[in-house]
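Engineer: Attaching a predicted model along with its sequence, questions to come.
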Amino acid sequence: MKYLAFVRHPESIRQSPPPPGFMEVMGQFVQRCRKDGSLVDTGGLLPSKDGARIRVSSGNLTVTDGPFSESKEVIGGWAILQGASKADVMRVATEFMELHRKHWPGFEGESELRPMFDPGMGP
């Protein structure tokens, strides 16, 4: 099963780079998870000031340039995780967030896991 995991955090977290120790342990984690097949792909996102939102509502299309001041949190990164079960994927995502807790003092955020749609799924 594949899951999309994304990390939400306050935009202000981007005002300074992650601690070097965090980047070191995260690099080791990513290498290990790529090797064992639990991590398919990953990436970080730049600040929302560099983005845009395109929305359809009541038949109208609107485009809003960033930053998105009404947002309390933004998506800062994503990963495609793979495992035999939801529990397998949750273990990887929990370890990922544990690295943030241990190696990035002051980090506040959350990770969300969503199962990915595969052909043949659904109604």
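Structural biologist: Received the coordinates, thanks.

Engineer: residue boundaries of the strands in this structure?
Structural biologist: Read by DSSP state E, the chain holds these strands, from start to end of the chain: 2-9, 39-44, 52-57, 60-65, 74-82, 110-115.

Engineer: V92: which of those strands is closest?
Structural biologist: Comparing the strands of the chain against V92 with C-beta to C-beta, the closest turns out to be strand 74-82 (5.4 Å). In short, each C-beta sits where N, CA and C put it, glycine included.

Engineer: Which neighbours in the sheet does the closest one have, and how are they oriented?
Structural biologist: strand 2-9 (antiparallel), strand 39-44 (antiparallel) (DSSP bridges).

Engineer: Export only the CA atoms of it, formatted as PDB.
Structural biologist: Output in PDB follows, covering the C-alpha atoms of strand 74-82 (Å, rounded to 0.1, in the frame of the first residue of the first chain):
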ATOM      1  CA  VAL A  74       1.500  25.200   5.700                       C
ATOM      2  CA  ILE A  75       2.600  22.000   4.100                       C
ATOM      3  CA  GLY A  76       6.400  22.000   4.400                       C
ATOM      4  CA  GLY A  77       7.200  18.700   2.800                       C
ATOM      5  CA  TRP A  78       5.900  15.400   1.500                       C
ATOM      6  CA  ALA A  79       6.800  11.800   1.100                       C
ATOM      7  CA  ILE A  80       5.400   8.700  -0.600                       C
ATOM      8  CA  LEU A  81       5.600   5.800   1.800                       C
ATOM      9  CA  GLN A  82       5.000   2.200   1.000                       C
END
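
Engineer: which parts of it are buried?
Structural biologist: By 16 or more other C-beta atoms under 10 Å, the buried positions in strand 74-82 come out as 74, 76-79, 81-82.
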